[in-house]
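Colleague: Provide a 3D model corresponding to the input given below.
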Amino acid sequence: MTPPADQDRHEYREAGTRALLDVFAAGNPDEQLRMGDVLHGLGDRSFGMLLFVSTIPAFIPIPGVGGAISGPLVILIGLQLLIGLRQPWLPKFLARRGPHRHAMARFRDLLAPWLTRLEKVVKPRLPVLLDHRVADLFTGVLLVLLGLLLSLPIPFTNYLFGALLLLFAFALLERDGWLMAVAWAAGVIAIAVFGVLSGSLATAAAGWIDMLF
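Modeller: Residues are numbered from 1 along each chain as shown. Predicted coordinates:
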């Protein structure tokens, strides 16, 4: 995928989520999109697009596969927000990889009804919930915990966590602080129900400690 030219970069950065997906879905369906190129020119919306693409595998209808791919990627994004990065960092082996255009087209078509509804209500607002350092910290913590839960073999939760992570992605892509507040609330509830009350997070933490020591 060729990065947008300088004269087109501003328009590319301001395009809505549906328009961006249309760009990524157009062309040879067998062409693989490189993540480094997908994020190029998106500016402060880069984390949203990276989270969006990272969430796609969560919807693979094969138990254990989607979460094993999406979970670590979501954790990586959350950690970068926690340490205060303003642009995503990807190791070279990830920057050279990404979804094929046909996968983006299929996912766009799947989300089309929801995108139509969302685009009627979302708009850039409440930037303090997107750009403030404390907001980044809180978003980062939630993404780390949700990514961890997604990577665990909790039955029938991949689609649920995937949909929730898409809320975070849309909030970042559309620069909508109100939608981010909704994602925060839903994220806290999901972590409390599936992580704390079920003991899944404690089990995972214990497993990590055993591996370390």
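Colleague: in the chain, which segments are predicted with low confidence?
Modeller: Low-confidence segments of the chain, defined by pLDDT under 70: 1-15, 63, 197-213.
Colleague: most centrally placed residue in this protein?
Modeller: L51 (1.8 Å; CA atoms, centre = their mean).
Colleague: Check the spacing between it and G195 real quick.
Modeller: 19 Å (CB to CB, to the nearest Å). Yep, even glycine has a C-beta here, placed from its N, CA and C like the rest.
Colleague: Could you do L50 as well?
Modeller: Computed as CB to CB, the L50 to G195 distance reads 23 Å.
Colleague: Which residue of the two possesses the greater neighbour count?
Modeller: The residue with more neighbours, out of L50 and G195 and counting by other CB atoms under 10 Å, is L50; that gives 26 against 20.
Colleague: In this model L172 seems to touch the residue nearest to the centre of the chain, though I could be wrong.
Modeller: Yes. The pair formed by L51 and L172 meets the contact definition of CB atoms under 8 Å, at 6.5 Å.
Colleague: Walking through the protein, point out its helices one by one.
Modeller: Taking DSSP state H as the criterion, the chain carries its helices at 6-14, 17-25, 35-39, 46-55, 65-82, 92-95, 101-121, 128-131, 133-151, 158-174, 177-190, 200-212.
Colleague: most tightly surrounded among the ones you listed?
Modeller: The highest average neighbour count among those, using mean count of other CB atoms under 10 Å, belongs to helix 46-55 at a mean of 24.
Colleague: now that one: how far from the chain's centre is it?
Modeller: Mean-position distance between helix 46-55 and its chain equals 4 Å (CA atoms, centre = their mean, to the nearest Å).
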